[in-house]
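1. Show me the folded form of this:
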Amino acid sequence: MMTDPQTFLTDLFDTAVNVAHPRQALAPHLPADKSGRAVVIGAGKAAASMAQALEQTWQGEISGLVVTRYGHNADCEKIEVVEAAHPVPDDAGLAVANRVMAMVENLTADDTVIFLLSGGGSALLSLPAPGISLQDKQQLNKALLRSGASISEMNCVRKHLSAIKGGRLAKACYPATLYTYAISDVPGDEATVIASGPSVADPTTSAEALAILQRYEIDTPAHIQAWLNDPASETVKAGDPCLQNSHFALIATPQHALQATLDKCEADGIPALVLGDLEGESREVAKVHAGITQQIIKHGQPIQPPCVIISGGETTVTVKGNGRGGRNAEFLLSLTESLKGQAGVWAIAADTDGIDGSEDNAGAIMTPDSYNDALAQGISATDMLDNNDGYGYFEALEQLLFTGPTRTNVNDFRAILILGDPANDSE
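-> Got it, this is the predicted structure:
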């Protein structure tokens with residue numbers, strides 16, 4: 001039985017987060033024999049909670065070092081946890097990356113490494129390639145984040161400017177046995193894209209990285225262009241002997257979160273339609289969701305109300321204004337502007353890591369009254385969207401969603417609850 005609409009939507013979000021949390025997701029994927037000694041390394045927004053879950057499960061001797069985002073720590077007794085910056089790397093991430101490489105570079109075939117990987121690891125475990133500074137990577141990261149480039153495109157560039165990504169960590173670990181346990185935050189769950197694939201082969205090329213920088217007209221210093229034209233910038237490819245002792249397992253994915261919320265909707269007696277793991281410009285993805293919502297309300301297609309539309313994935317925002325807000329606030333503001341106070345429709349859009357972009361909120365909630373309540377305050381959804389100010393819009397309505405760091409990350413979660421318009425006669 002459904003509670004009130006807002007509680008129902010936040011319960012759906014909590015369901016998506018909980019099914020992907022390491023305390024539930026890690027143990028079933030570990031080796032049957034957990035009695036050996038292992039060196040543990042890790043990076044990502046879920047790295048600390050993954051390390052905590054590993055400590056509670058592993059029976060042998062473990063020690064190591066993981067890096068997570070500031071504020072995403074978890075209590076560990078045997079594994080050191082360090083915090084660093086995300087999405088733009090800082091000196092703390094650089095120092096950890098150097099320490100991690102030092103820990104694994106002299107191992108033998110008798111050693112075992114457990115690598116705990118999750119979204120955000122690309123920025124958190126930052127080790128620039130020779131001749132490239134951390135400042136270089138920071139500037140390019142900022143430019144890529146504002147450009148509208150996809151996560152796959154950003155990671156392609158990052159991998160070819162790194163001494164640790166694109167399979168280079170696996171190369172450093174060889175000949176030790178390497179187990180990578182990953183929580184996916186990327187559409188398609190490609191191992192090469194999650195945190196820029198430090199422990200797996202990379203199919204992208206340096207030439208593609210250069211093309212991406214040119215496509216988005218990103219100012220690229222001459223020494224970085226020279227590096228990307230150097231064969232030494234190429235990443236580890238499939239078939240490289242250094243990967244023969246490397247094993248990779250996905251322990252949680254966006255689809256796990258979508259399926260769990262679908263199951264909850266069905267248990268509550270509310271039919272649901274899963275649109276999938278989506279990419280694209282946030283405001284444009286929202287317009288598609290709005291169109292589907294209107295089709296459901298007016299024509300009962302492709303599903304009859306009451307119902308829920310669910311989607312995940314990672315959208316992008318091309319920043320042109322000076323407002324605040326991540327991609328989820330941008331999505332929800334565009335949805336609000338498109339629906340213009342449509343009766344009987346509530347929505348939530350939030351990042352499962354608890355942080356929407358670089359703000360302090362996870363996302364926001366839209367009600368049927370949001371649009372008109374904002375107008376009553378003299379706030380135009382169109383103007384706020386033009387300024388990329390989704391945070392300011394929903395802050396004024398007191399509809400921002402605050403969860404704090406969830407210590408997992410399977411990307412964005414969006415749900416639209418459609419109870420129908422009582423004033424509408426469906427065809």
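2. Tell me if N98 really is in a helix.
-> Yes: N98: assigned to a helix according to DSSP: H, G, I helix; E, B strand; the rest coil.
3. Let me know whether it touches S126 as I believe.
-> No: with contact defined as Cβ atoms under 8 Å, N98 does not reach S126; the gap is 10.1 Å. For the C-beta atoms, the positions are set from N, CA and C on the backbone; glycine is no exception.
4. Give the residue from the two that has the larger number of neighbours.
-> Neighbours were counted for N98 and for S126 using other Cβ atoms under 10 Å; S126 has more, 33 against 13.
5. Setting the sequence-adjacent residues aside, check what's closest to that one.
-> P89 (3.6 Å; Cβ to Cβ, 6 or more residues apart in numbering).
6. separation between the one you found and Q138?
-> Distance, P89 to Q138, using Cβ to Cβ, to the nearest Å: 6 Å.
7. quick one: which of these two has more around it?
-> Taking neighbours as other Cβ under 10 Å, P89 and Q138 compare with P89 leading, 23 against 17.
8. How about the backbone phi and psi for that one?
-> phi -60, psi 160 (degrees, to the nearest 10).
9. OK, contacts around it?
-> A123, L124, S126, L134, K137, Q138, N141 (Cβ atoms under 8 Å, 6 or more residues apart in numbering).
10. Could I get those in JSON lines, plus columns for secondary structure, pLDDT and distance to A381?
-> Below are the contacts of P89 laid out as JSON lines (DSSP: H, G, I helix; E, B strand; the rest coil; pLDDT from 0 to 100; distance: Cβ to Cβ, whole Å):
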{"residue": "A123", "secondary structure": "helix", "pLDDT": "90", "distance to A381": "31"}
{"residue": "L124", "secondary structure": "helix", "pLDDT": "95", "distance to A381": "35"}
{"residue": "S126", "secondary structure": "coil", "pLDDT": "91", "distance to A381": "37"}
{"residue": "L134", "secondary structure": "helix", "pLDDT": "92", "distance to A381": "39"}
{"residue": "K137", "secondary structure": "helix", "pLDDT": "89", "distance to A381": "36"}
{"residue": "Q138", "secondary structure": "helix", "pLDDT": "90", "distance to A381": "33"}
{"residue": "N141", "secondary structure": "helix", "pLDDT": "88", "distance to A381": "30"}
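11. of those, closest to R69?
-> L124 (6.4 Å; Cβ to Cβ).
12. Let me know how buried that closest one is, in neighbour terms.
-> 32.
13. Kindly report the same for G378.
-> Around G378 there are 7 residues (other Cβ under 10 Å).
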